[in-house]
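Peer 1: Here's a sequence, model it:
(2 chains)
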Amino acid sequence: MAGTATDAATLEQVSKSTIAELLPGEGHQVVIQPSRGWIAINWRDIWRYRELLYFLTWRDLKIRYRQTVLGFLWAFIQPFLKMVVFSMVFGKLAKMDSEGFPYPIFLYAGLLPWQFFSDSLSRSSESVVLSAHLITKVYFPRLVIPLASTGAALVDFGVSFTILIGLMVYYRVLPTVATLAVLPLVPLTVLTALGVGIFLIALNVAYRDFRHTVPFLVQIWMFLTPVIYPVTIIPHRWQWLVSLNPMAGIVDAYRSAILGKPFAWGNLAISTAVAILLFFFGAVYFRRLERQFADIV
Amino acid sequence: MPTPAIIVEGLSKQYHIGARQNGRKTFREALTEAAAAPFRRLRAFGRSSHREEDTIWALKDVSFEVQPGEVVGIIGRNGAGKSTLLKILTRITEPTDGRAVLNGRVSSLLEVGTGFHLELTGRENIYLSGAVLGMKKREIDRKFDEIVDFSGVEKFIDTPVKRYSSGMTVRLGFAVAAHLEPEILLVDEVLAVGDAAFQRKCLGRMSTVATCGRTVLLVSHNMAAVDSLCRCCLLLDQGKLRASGDTGTVVSEYVSHLSVSDAEVDLAKHPGRAPGRQPIARRFRILDEAGRCVTCVNLGAPFAFEAELDSRILLPEVGLGILISSSTGQRVVTYHSRYQSAGSWALRGPATVLCRIPRCELIPGLYSIGISVTSGNDEVDRIEDFAVCEVAPRDLYGTGRIPGRQQGFYAPAAQWERGGPGIQA
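Peer 2: Numbers count the residues shown, from 1 in each chain, chains lettered A, B, ... in the order given. Coordinates of the predicted model:
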């Protein structure tokens, strides 16, 4: 184990520095110097690179639907087919309980945020490879990479939302005041996806084989989340444990908002807290590793 | 006195080398390690445990200032720290120590076609690459026609770049970069690509940039380009700033420090190895007629290059290239087995490859030597300028006149014949 110390050192790396930038009002001045410790997210820097964020998101979407016969229609077909297949298997065959709602719409209300989350994760983990040549050739806030991945997933999320509206019409589920809860839920979902996404990217950079674990991670995570089953099949005293998975509380809250069933506020609060913590630690870990991205990618 | 555009103070950068050259490990390794030695690992996290022999200073205590409007060349051998310096100034990587201040809008050009994606069309790539290089969308909109014009690929602007020839891709990439309007431009070796006509166009464009008051930092191997573009120069050597000042003086300093190296060069752990390449080439020698190891070859005399290779894995279709460059960095000749020797061979385990040159036809002077190992169409190993050898003058033609550098690089065999009544003895 002679290499242990060196390996840890490699992970920590030697170069610890940050970039301090003065206010735009003072002309463009860039000061480059090493610094140590924790660094907060430089939102101003990210705002300055918002156009790059836009173009990278746009690139992700373009590439995904380029050279496919149906093009952008896939954004509709994929979630729709998934809903149909899952409804057949779990609704019809397994006769899964759906809290009294038609299974397809019950499923889809949960599948919608889940699909966004898993999309965002797989895009994030791919994005490191896709952006490696950028990281070594040009400066930009590295956080733009997961932001672009989540942004692209968010566009697909918007598209699949229209299917939900179709289902609501078909099953005559009327929107209520509670449906407005979707508005704060979407940013919460984005925060969760981003938090986990930046963890994945940092781990992908630090350990090059981590990428292969992402599909399994997403698969297992889905079964731990009440997407195909209702959260009520879990005994009441264990619900807090399930809610430690932030997606559990979020998926259930989407159902409450869309189907008009009562909110499980306690579960949602736990999930929200975990999501915020995840994002915070993800961001810290990312910023720590970001300094050496170009050296190790 | 105006504020300098670039101030660099004691800039240093340390890299880890050693067993794990790319500094990245697999998740599996990390897991097994963590399971095997949790306590050692925890302790190691707390303190900085860098052993000196595992680190190398790619840049050590470099300081200089560049005034606004100056065009400064950075020269030096491979591994001297030129690219590291540029990577720090462009904020791609961060310094271990020291400080740099850049006053003005900075753009960097480390490769041609940064941000290009092959699936996207030329038009889309102009926007993407422009955004990556720091242009605003409105700025790209405004310059779009000009960029397309400059690149000369109008007809294919809506074709995916993957269908472009490599020349077209380079032209499009440079066209985007050439329309950046920074106050400080940091450029790395981009002139090394493209055909001659395009290179002239780029050089022209670069000198307009240089004359319109922008500060330019140019890293180059091409002394001719440095000489024509830069009034002052920085010479880096082993991470340290060895000389700075007037281009002519610094270039001659650089040339004079190219001294003849050891007769036998150990390449197994050479620091100048191109990034990501495997250490296939292990040892290199130049042999004279009698098979002695030399550093100096007589003009007109036969000699040979001998390289020892070793590969753990089976490499199919191996080719060995020996790259000879002049002291000013221009490639003079390449000896390559792929082109000059028929029949393909594979490599696994140690081997010796000999390249016999029947007659040394290079003009006397100093030349630097590089090596490249290819397998199929991939280059698996490359080290540039790892050795310097000398070609000694000799009265090759028996005329008492020795050809010199002003006559080029090549002293070929030639037979002259005369006839006609006008010839007078």
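
Peer 1: Let me know the secondary structure of the residue in the stretch 201-350 of chain B that chain A sits nearest to.
Peer 2: Nearest residue of the stretch 201-350 of chain B to chain A (C-beta to the nearest C-beta) works out as B:Pro275 at 9.4 Å. Backbone N, C-alpha and C define where each C-beta goes, glycine included. Following DSSP: H, G, I helix; E, B strand; the rest coil, we place B:Pro275 in the coil state.

Peer 1: Tell me, how many residues neighbour it?
Peer 2: If you count neighbours by other C-beta atoms under 10 Å in any protein chain shown, B:Pro275 ends up with 9.

Peer 1: Now do the contacts for it.
Peer 2: B:Pro275 sits next to no residue when contact means C-beta atoms under 8 Å, 6 or more residues apart in numbering or on different chains.

Peer 1: any idea how far it lies from A:Val85?
Peer 2: Distance from B:Pro275 to A:Val85, counting by C-beta to C-beta, to the nearest Å: 46 Å.

Peer 1: Then B:Lys136?
Peer 2: 45 Å.

Peer 1: A:Ile220 now?
Peer 2: When distance is defined by C-beta to C-beta, A:Ile220 is 19 Å away from A:Val85.

Peer 1: What of B:Asp378?
Peer 2: Noted for B:Asp378: a distance of 43 Å to A:Val85, by C-beta to C-beta.

Peer 1: One more: B:Thr3?
Peer 2: If you measure B:Thr3 against A:Val85 using C-beta to C-beta, the figure is 66 Å.

Peer 1: of those two, who's got more company?
Peer 2: Under the criterion of other C-beta under 10 Å, the comparison of B:Thr3 against A:Val85 puts B:Thr3 first, with 13 against 10.

Peer 1: Nearest spatial neighbour of the more buried one, chain-adjacent residues omitted?
Peer 2: Sequence neighbours aside, B:Asn103 is the residue nearest to B:Thr3 in space, at 5.5 Å (criterion: C-beta to C-beta, 6 or more residues apart in numbering or on different chains).

Peer 1: Please apply the same query to B:Arg338.
Peer 2: In space, not counting the residues next to it along the chain, B:Arg338 is nearest to B:Gly319; the distance is 3.6 Å by C-beta to C-beta, 6+ apart.

Peer 1: Bridged to that neighbour, which residues?
Peer 2: Applying DSSP bridges to B:Gly319 gives these bridge partners: B:Thr374.

Peer 1: again with the one 4 residues further on
Peer 2: For B:Leu323, the residues forming beta bridges with it (DSSP bridges) are B:Thr334, B:Gly370.

Peer 1: Next, count neighbours for it.
Peer 2: Other residues near B:Leu323 come to 19 when the count uses other C-beta under 10 Å.

Peer 1: repeat for B:Lys269
Peer 2: Applying other C-beta under 10 Å, we find 11 other residues in the vicinity of B:Lys269.

Peer 1: can you check B:Val255 too?
Peer 2: 16.

Peer 1: With B:Asp395 instead?
Peer 2: When neighbours are counted by other C-beta under 10 Å, B:Asp395 registers 11.

Peer 1: Tell me the secondary structure at it.
Peer 2: Under three-state DSSP, the three-state class of B:Asp395 is coil.

Peer 1: Just list the residues touching the residue nearest to it when sequence neighbours are not counted, thanks.
Peer 2: In space, not counting the residues next to it along the chain, B:Asp395 is nearest to B:Ile402; the distance is 6.2 Å by C-beta to C-beta, 6+ apart. Each residue near B:Ile402 by C-beta under 8 Å, 6+ apart is listed here: B:Leu299, B:Pro364, B:Pro393, B:Arg394, B:Asp395, B:Leu396.

Peer 1: Pick the one among the residues you listed closest to chain A.
Peer 2: Ranked by distance to chain A (C-beta to the nearest C-beta), these are led by B:Pro364 at 40.4 Å.

Peer 1: Do I have it right that the closest one meets B:Pro403?
Peer 2: Yes - here B:Pro364 lies in contact with B:Pro403, judged by C-beta atoms under 8 Å, at a distance of 7.4 Å.

Peer 1: Flag the shaky bits of chain B, pLDDT-wise.
Peer 2: For chain B, applying pLDDT under 70 flags the ranges B:1, B:17-54, B:78, B:189-200, B:203, B:210-211, B:221-224, B:256-262.

Peer 1: Can you tell me the SS state at B:Gly343?
Peer 2: B:Gly343 ends up coil, using three-state DSSP.

Peer 1: Can you show me the helices along the stretch 201-350 of chain B?
Peer 2: Listed in chain order, the helices found in the stretch 201-350 of chain B under DSSP state H, counting those that start in this stretch are B:223-229, B:247-257, B:337-340.

Peer 1: In contact with B:Glu317: list those residues for me.
Peer 2: Under the criterion of C-beta under 8 Å, 6+ apart, the neighbours of B:Glu317 are B:Ser344, B:Trp345, B:Ala346, B:Thr374, B:Ser375, B:Gly376.

Peer 1: what about 10 Å?
Peer 2: B:Arg338, B:Ser344, B:Trp345, B:Ala346, B:Leu347, B:Thr374, B:Ser375, B:Gly376, B:Asn377, B:Asp378 (C-beta atoms under 10 Å, 6 or more residues apart in numbering or on different chains).

Peer 1: Of those, select the buried ones using a ChimeraX command.
Peer 2: Buried members of the contacts of B:Glu317 can be picked out in ChimeraX with the line below, counting by 16 or more other C-beta atoms under 10 Å in any protein chain shown:
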select /B:347,374,375
